[in-house]
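> test case, fold it:
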Amino acid sequence: MPKLTIDGKEVEVPPGATVLQACEAAGVEVPRFCYHERLSIAGNCRMCLVEMEKAPKPIASCAMPAGDGMVIKTDTPTVRKARRGVMEFLLINHPLDCPICDQGGECDLQDQAMAYGFDRGRYEENKRAVKDKNLGPLVKTFMNRCIHCTRCIRFATEVAGVEELGATGRGEHMEVGTYVEKALSSELSGNIVDLCPVGALTSKPYAFVSRPWELAKTESIDVLDAVGAAIRVDARGGEVLRVLPRLNDAVNDEWLADKSRYAYDGLKRQRLDRPYVRRDGRLQPASWPEAFEVVAKRLLGTTPERIGVIAGDQVDAEAVLALRDLMRGLGVQSLDCRQDGAKIGGPRVSYLFNTTIAGIDQADVCLIIGSDPRWEAPLLNARLRKRYLARNFTVGLIGPERDLTYRHQHLGNDPSVLLAIADGHHPFADLLKAAKAPMLILGMGALRRPDGAALLGAARRIAEATNMVRDGWNGFNVLNTAAGRVGALDLGFLPGQGGRDTAGILAGAGDGSLDVVWLQDADEIDASRLGNAFVIYQGHHGDRAANRADVILPGAAYTEKDATYVNLEGRVQRTKQAVFPPGEAREDWKILRALSQVMGRPLPFDSLAQLRTALAAANPVFGAVGVVQPAPWASFGTLDPVDLMPFGRAIENYYQTCAISRASVTMAKCTDLHIHGREIDDTMERTGSYG
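Down below sits the predicted model:
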């Protein structure tokens, strides 16, 4: 390992580290614009110049490999003069937009100009003008501000895997943009806004909305998919104005998917802010006591066999436990948390992403079955691409053909291929057997089929036949798409003795064998199949199921409560309340606790702390927040015959998968552009209206 001397301090760094990284290891901050830890080295901006002993001139520390015996000086008159000169060149063509720039207050160029900027300009010629680019409904461009750091280009090419950004022209005529004008099609495109060190790329929905110092910042967890990315919710007053990623190397690195980043405007539209009771065929506003009285009368007046309960995709663990205990206390056995009918719910190892997201970095062969990770979990797909770029990683796909952003073998869309691999009669089976760390990813496109249990069993046989599960390695993975699914399964929110699953509940409501159906934030079912059943809907948006409800109990969205979720790899994480629920809406567990009191069957907790103690008692995994606890291997799945019909997609529209994203105007624009292929109207863009 090379040893360097940085400003008189000796430091040892790993082989391959750069001088800039060595300076950081020594605790010395070096200014930079083009360099980023997770992108390739470009050496464009030259802001990171330092002096190296015996070198004739200052060197770019980001591009210079650290060598043994180097003597580096970072704060000499020569270095300061060089950096001031670089800053003056960068500002030659930069417009004086700081008063109206959305990047103001969190701009790298502003910060560095304070330290190295000149107090007057010597450039008297006209500044160059560059036409703004239309990159779609998410990213707003002011290309006059661009300093050609190429961070956005490198991110799109290397991390997102969608090579749509590039540089055209040379010298003063160089421009960054799409080669042919088009909207960015990556599900990770919003990250280039974070990467841009100036105000050239900003958030289009956030344009001219607020200043960063006006916002209250709350660290939380994303629940719009099952990855559980670390996020920061920025709010002003009672409104969420921005969602940004936080650093978490084990889950999302420092990236965030576009839906999770931009669907926040759906949190303020179509909200349920008061209880409703259906009277004379119409939903009428009601008070909480009135709504509780109607619900309690119905539940207590109905036999348990004629009650069904479905929990939705974003229900937190506290609400699941409260609802489970309330219904079990009534004797209800028809409970299910699998809206899509996925055939999972056995041993914990059978529904987790057991390799873990960070564990993907160790795999060398991957088989994807009935899954499109690019839409179902963009951040996990980015991790697969990262592993692919590290070389020696073979990927096979069984399912609908798809551009996954990395090279893979499309083995077909026929379950017979899966069976052939399970029986060892397919060439890919030999690849898995020869691999040092093989893994498979089983998606909801396979598990939600009627023969999902048989496909689960076939995937288990592949894992066992290819030495995929052994000490220190478990390559069997299920890719869940619902943030609340794993936590609900951990709490056993499944049909009891003689109980019905989701399909059975819908069928029972339709044929009249069920009288009451409780929908806990369950909007992804076909509400038209509920027949004449009395429907109680508890949730936060007036979406599909709320329109069919006879009683509505308004709940809180994920930004409005302190709640526990378990991500797809089994990591227990918690959201933090950033704003208050609108109107009379309340946290779900509080609603259930109050209802249980009205029913004369009070639940045994009065505070969130007591409820979380009960969570840990119900399943010890909830006692270790932020930790992935490996699940022991067990037998699961069935040996039933497999239907040879092709696999379908679990997600048909990435941008609208839940009540929040369906209420989002921004996601509607993305759907129009990327799903329906309709261009965004310029008038709509100028006025900010959407119709």
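
> can we go C-alpha only for contacts and neighbour counts from here?
Fine.

> could you look up the SS state of the residue nearest to Arg612 when sequence neighbours are not counted?
The shortest distance from Arg612 to any non-neighbouring residue, by C-alpha to C-alpha, 6 or more residues apart in numbering, is to Glu318 (7.1 Å). Secondary structure, DSSP: H, G, I helix; E, B strand; the rest coil: Glu318 is helix.

> what distance do you get for Glu318 to Gly539?
14 Å (C-alpha to C-alpha, to the nearest Å).

> do the same with Leu530
From Leu530 to Gly539 the distance is 17 Å (C-alpha to C-alpha).

> ok, the two, which is more surrounded?
In this comparison of Leu530 against Gly539, neighbours counted by other C-alpha atoms under 10 Å, the higher total goes to Gly539 at 30 against 25.

> and the closest residue to Thr178 other than its chain neighbours, how many residues sit next to it?
Residue nearest to Thr178 in three dimensions, not counting chain neighbours: Leu165, with 4.7 Å by C-alpha to C-alpha, 6+ apart. Here the number of neighbours of Leu165 (other C-alpha under 10 Å) works out to 20.

> tell me both backbone torsions, phi and psi, for Leu165.
In this entry, Leu165 is assigned phi and psi values of phi -110, psi 140 (degrees, to the nearest 10).

> okay, strands next: where are they in the stretch 451-600 of the chain?
Taking DSSP state E, counting those that start in this stretch as the test, the strands found in the stretch 451-600 of the chain are 469-470, 473-474, 476-479, 516-520, 534-539, 551-554, 563-566, 572-575.

> dump the ones you listed to JSON lines, plus mean pLDDT.
Below are those laid out as JSON lines (pLDDT from 0 to 100):
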{"stretch": "strand 469-470", "mean pLDDT": "94"}
{"stretch": "strand 473-474", "mean pLDDT": "96"}
{"stretch": "strand 476-479", "mean pLDDT": "97"}
{"stretch": "strand 516-520", "mean pLDDT": "97"}
{"stretch": "strand 534-539", "mean pLDDT": "97"}
{"stretch": "strand 551-554", "mean pLDDT": "98"}
{"stretch": "strand 563-566", "mean pLDDT": "97"}
{"stretch": "strand 572-575", "mean pLDDT": "97"}
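
> out of those, which is the most enclosed?
Neighbour counts (mean count of other C-alpha atoms under 10 Å) averaged over each of those peak at strand 551-554, with a mean of 29.

> and for that one, what's in contact with it?
272-278, 283, 291, 294-295, 535-540, 546, 584-586, 591 (C-alpha atoms under 8 Å, 6 or more residues apart in numbering).

> which SSE is immediately downstream of the one helix or strand Gln110 maps to?
In this structure, Gln110 is located in helix 108-116 according to DSSP states H and E. The element immediately downstream of helix 108-116 (helix or strand, assigned by DSSP H and E) is strand 139-141.

> which ones are touching the residue nearest to Arg612?
Listed by C-alpha under 8 Å, 6+ apart, the contact partners of Glu318 are 563-564, 589, 611-612, 615.

> same check on His410?
By C-alpha under 8 Å, 6+ apart, the contact set of His410 is 396-399, 401.

> which of those fall within strands?
396-398 (DSSP state E).

> so can I have CSV of these showing neighbour count, distance to Phe142 and pLDDT?
As requested, the ones in strands among the contacts of His410 are arranged in CSV below (neighbours: other C-alpha atoms under 10 Å; distance: C-alpha to C-alpha, whole Å; pLDDT from 0 to 100):
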residue, neighbour count, distance to Phe142, pLDDT
Gly396, 18, 41, 97
Leu397, 23, 40, 97
Ile398, 25, 43, 97
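
> so which of those residues is the closest to Ala82?
Gly396 (51.0 Å; C-alpha to C-alpha).

> was I right about the closest one contacting Ser371?
No. Under the criterion of C-alpha atoms under 8 Å, Gly396 is not in contact with Ser371, lying 11.4 Å apart.

> can you give me the helices in the stretch 1-150 of the chain?
Along the stretch 1-150 of the chain, counting by DSSP state H, counting those that start in this stretch, helices occupy 19-25, 77-91, 108-116.

> what sits up against the first one?
Counting by C-alpha under 8 Å, 6+ apart, the neighbours of helix 19-25 from elsewhere in the structure are 4, 6, 11-13, 29-30, 48, 61-66.

> equivalent analysis for stretch 335-351, please.
Contact partners of stretch 335-351, identified using C-alpha under 8 Å, 6+ apart, comprise 308-313, 324, 444, 447-449, 452-453, 456, 477-478, 480, 485-486, 488-490, 493-496, 499-503, 522, 524-525, 631-636.

> please apply the same query to stretch 33-47.
Under the contact criterion C-alpha under 8 Å, 6+ apart, stretch 33-47 has outside partners 31-32, 60, 62-63, 83, 86-87, 108-109, 147-151, 154-155, 158-159, 197.

> cool, and stretch 470-484?
Contact with stretch 470-484 is made by 223-228, 312-317, 350-355, 371, 376-377, 437-444, 460, 463, 468-469, 486, 565-568, as judged by C-alpha under 8 Å, 6+ apart.

> same question for stretch 58-69.
Outside stretch 58-69, the residues within contact range by C-alpha under 8 Å, 6+ apart are 1-5, 13, 15-22, 35, 41-43, 46-52, 78-79, 82.

> first vs last residue of stretch 189-203, how far apart are they?
The first residue of stretch 189-203 is 11 Å away from its last residue (C-alpha to C-alpha).

> now that stretch: average pLDDT?
In this model, stretch 189-203 has an average pLDDT of 96.

> for Pro620, see how far away the residue nearest to Arg612 is.
Counting by C-alpha to C-alpha, the gap from Glu318 to Pro620 is 14 Å.

> show only the entries of the contacts of stretch 470-484 found in strands.
Using DSSP E to define strands, the subset of these located there is 438-443, 469, 565-566.

> flag the shaky bits of the stretch 1-150 of the chain, pLDDT-wise.
When residues are selected by pLDDT under 70, none of them lie in the stretch 1-150 of the chain.

> hang on, the earlier thing: need the max-distance pair from the contacts of helix 19-25.
Pairwise distances across these peak at 20.0 Å for Glu12 and Cys48 (criterion: C-alpha to C-alpha).

> ok, these two, which is more surrounded?
Neighbour comparison, Glu12 and Cys48: the larger count goes to Cys48, with 26 against 15 (by other C-alpha under 10 Å).
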